[in-house]
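1. Following is a predicted model, sequence given first.
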There are 2 protein chains.
Amino acid sequence: MIKVVLLGSGNVAYHLAQALKSSEGVELIQRYSRNGNNDAYFDVSIPVTFDLEHLKKADVYIIAVKDDAIAGLSEKLPPVDGLVVHTSGSIGIKTLYKGLKKGVLYPVQTFSINQEIDFKKVPLVIETAVKDDLPILQSLACSLSEHVFELNSSQRKKLHVSAVFANNFSNYMFACAGDLCKEFELPFDILRPLIMETAKKVQTMDPHNAQTGPARRNDLAVIEKHIEMLQGEKKEIYKLLSKAISKAYQLKE
Amino acid sequence: MIKVVLLGSGNVAYHLAQALKSSEGVELIQRYSRNGNNDAYFDVSIPVTFDLEHLKKADVYIIAVKDDAIAGLSEKLPPVDGLVVHTSGSIGIKTLYKGLKKGVLYPVQTFSINQEIDFKKVPLVIETAVKDDLPILQSLACSLSEHVFELNSSQRKKLHVSAVFANNFSNYMFACAGDLCKEFELPFDILRPLIMETAKKVQTMDPHNAQTGPARRNDLAVIEKHIEMLQGEKKEIYKLLSKAISKAYQLKE
């Protein structure tokens, strides 16, 4: 049985707590909460402490806090013997305080506190500073998810920039569409099934084969009319993306 | 019973044929296929003609062909008494040949021939040139889908530019992520659940509230490192979108 202490009270910590509670071979023995935010969401059966000096002895300590709080929190830990892992895609393993046994457990997913998720399907990227620490992190990760990948910090950073396109930028495209609906007095609900299907398609297809639209066809008449309807950043984004798409597909065909 | 003739053999025609076959109050009496492509996919019970002179008498003729083929095909139709509608988001109703009773039935969705879809959930945007023709198109649309919206050509064009962001541009973000995975020798499968969840979130949330990532936090250190890892168009896209996101959220908070 792998004993785990979880540090954090945000979206990632919440979903990790749920997954840890329901996974075999793992025991979530304590959670550390700095400020008590969101504590009401967490399973009441998980013991909570607000004091780092009261951390229990565990095999793995998971630091699930904001990127810029990882270094500071790891430095404030009392001397612990277990493996200390953070959950960030963009923070190097060496950001964890020097005296610790260091690792990373990065769930490649976007979490909201109100949206349930099947954690078994969440890809987990793992790394340890020392080879000897890998087996326990592997065991923990495999208890939590069916999809575990071992990547080093450099590979993880490359994955993270790819994820920015896959998640942050695609979401911003949805936000732009939402802004335009508001401006044009159209209900955003008309576009929601389209958004869902766009993501569903690339679950099996190569996104390049799923590409459609005026830029894909290099339909300059429609592109020109669309540009006239847009202003500011959306006009710039439309121009740049249409140019990139047209170029990519004219080169291919 | 509304009698329908369907003209086309692409993805939209295929899914419309499936929906028309299974909808109550509608009878798909014939399909016109110009070139026979994809004919093997269609339900064999639908009578097919390759000759416009042999079109049957119907209440509604649905032209589901590529945007740039709509005008030509509508001009070549023999004199028909029924309503003739096209299925495009970006083509005005007046593109249909002058002598016809004109309308639009635009399904706001992306279709692949191999991906089944619940047509009842596909938003349908309808328009007729003359008010008297609206009731029959309304009846037809409501038989096919639970979500019918009446918009004029100007509103439909605005919806279409919004849909370019929601679908074409978000898909291109997935394609960029896929390219980066290839370049970095990472499996794209790591990102697929993230893509699915990104779309799922905005089914209920406002995309602005779902926005996360370095640009959302205005985390210049991470943004700078990411830009260094990118080249060409992806570098330009990363810069422009990060700037737009950072600006949008700094203004709001």
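-> Yep, that arrived. Remember, it's a predicted structure, so these values are computed and weren't measured experimentally.

2. Tell me, how many residues neighbour the residue of the stretch 1-150 of chain A found nearest chain B?
-> Per CB to the nearest CB, A:Pro123 is where the stretch 1-150 of chain A lies closest to chain B, at 4.6 Å. (Glycine included, C-beta is placed from N, CA and C.) Neighbourhood size, A:Pro123 [other CB atoms under 10 Å in any protein chain shown]: 21.

3. residues touching it, list them.
-> A:Pro123 makes contacts with A:Pro107, A:Val108, A:Gln109, A:Ser145, A:His147, A:Val148, A:Phe149, B:Asp189, B:Ile190, B:Pro193, B:Leu194, as judged by CB atoms under 8 Å, 6 or more residues apart in numbering or on different chains.

4. just A:Gln138 next, same as before
-> A:Gln138 sits next to A:Ile126, A:Val148, A:Glu150 when contact means CB under 8 Å, 6+ apart.

5. I'd like those as TSV, with pLDDT, distance to chain B and secondary structure appended.
-> Shown next, in TSV, are the contacts of A:Gln138 (pLDDT from 0 to 100; distance: CB to the nearest CB, whole Å; DSSP: H, G, I helix; E, B strand; the rest coil):
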residue	pLDDT	distance to chain B	secondary structure
A:Ile126	98	12	strand
A:Val148	97	10	strand
A:Glu150	97	12	strand
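
6. neighbour-wise, which of those leads?
-> Counting by other CB under 10 Å, top hit in the contacts of A:Gln138: A:Ile126 with 20 neighbours.

7. What score does A:Ala248 have for pLDDT?
-> We have a pLDDT of 93 for A:Ala248.

8. quick one, strands of chain A?
-> Counting by DSSP state E, chain A has strands at residues A:2-7, A:26-32, A:48-49, A:60-63, A:83-86, A:101-107, A:124-128, A:148-150.

9. Most tightly packed of those strands?
-> Of all these, strand A:83-86 has the most neighbours on average by mean count of other CB atoms under 10 Å in any protein chain shown, namely a mean of 26.

10. mind checking how far it is from the chain centre?
-> Relative to the chain's own centre, strand A:83-86 is displaced by 17 Å; criterion: CA atoms, centre = their mean, to the nearest Å.

11. what does stretch A:114-121 give?
-> Remark: stretch A:114-121 is offset 12 Å from the chain centroid, using CA atoms, centre = their mean.

12. Now do the buried residues in it.
-> Across stretch A:114-121, burial judged by 16 or more other CB atoms under 10 Å in any protein chain shown covers A:Gln115, A:Ile117, A:Phe119.

13. which helix is the longest one in chain A?
-> Criterion DSSP state H: the longest helix present in chain A is helix A:232-252.

14. now that one and helix B:232-252, what's the angle there?
-> Interaxial angle, helix A:232-252 versus helix B:232-252 (axes from the mean of the first three to the mean of the last three CA atoms, to 10 degrees): 160 degrees.

15. Tabulate the buried residues of stretch A:114-121 (TSV), appending distance to chain B and pLDDT.
-> Output for these, formatted as TSV (distance: CB to the nearest CB, whole Å; pLDDT from 0 to 100):
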residue	distance to chain B	pLDDT
A:Gln115	6	84
A:Ile117	7	92
A:Phe119	10	97
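
16. Assess the claim that A:Phe184 and B:Leu159 are in contact.
-> Yes: if you go by CB atoms under 8 Å, A:Phe184 and B:Leu159 touch, sitting 7.3 Å apart.

17. quick one: which of the two has more around it?
-> Legend: neighbour count by other CB under 10 Å for A:Phe184 and B:Leu159, higher for B:Leu159 (26 against 15).

18. Let me see the contact set for that one.
-> Contacts for B:Leu159 (CB under 8 Å, 6+ apart) come out as A:Cys181, A:Phe184, A:Leu186, A:Ile190, A:Leu191, B:Gly89, B:Val108, B:Val125, B:Leu151.

19. Contacts only, for the last one.
-> Residues counted as contacts of B:Leu151 (CB under 8 Å, 6+ apart) are A:Leu186, B:Val125, B:Ile126, B:Glu127, B:Leu159.

20. repeat for the fourth one
-> Contacts for A:Ile190 (CB under 8 Å, 6+ apart) come out as A:Cys181, B:Val108, B:Pro123, B:Val125, B:His147, B:Phe149, B:Leu159.

21. what would the residues you listed look like in JSON lines with pLDDT?
-> Compiled in JSON lines, the contacts of A:Ile190 are given as follows (pLDDT from 0 to 100):
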{"residue": "A:Cys181", "pLDDT": "98"}
{"residue": "B:Val108", "pLDDT": "97"}
{"residue": "B:Pro123", "pLDDT": "97"}
{"residue": "B:Val125", "pLDDT": "98"}
{"residue": "B:His147", "pLDDT": "97"}
{"residue": "B:Phe149", "pLDDT": "97"}
{"residue": "B:Leu159", "pLDDT": "97"}
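
22. With adjacent residues omitted, what lies nearest to the residue nearest the centre of chain A?
-> Geometric centre of chain A, nearest residue: A:Gln109, 3.6 Å, by CA atoms, centre = their mean. Of all residues not flanking A:Gln109 in the chain, A:Val122 sits nearest, at 4.6 Å (CB to CB, 6 or more residues apart in numbering or on different chains).

23. which intervals of the stretch 151-253 of chain A have sub-threshold pLDDT?
-> A:251-253 (pLDDT under 70).

24. hang on, the residue nearest to A:Gln109 packs against A:Ala141?
-> No: using CB under 8 Å, A:Val122 is not in contact with A:Ala141; the gap is 10.3 Å.

25. pLDDT at A:Leu73, what is it?
-> We have a pLDDT of 97 for A:Leu73.

26. Quick one: residues contacting it.
-> Neighbours of A:Leu73 in contact, by CB under 8 Å, 6+ apart: A:Leu7, A:Arg34, A:Ile63, A:Val65.

27. so what's the last one up against?
-> The reference is to A:Val65. Counting by CB under 8 Å, 6+ apart, A:Val65 touches A:Leu7, A:Gly8, A:Gly10, A:Ala13, A:Arg34, A:Leu73.
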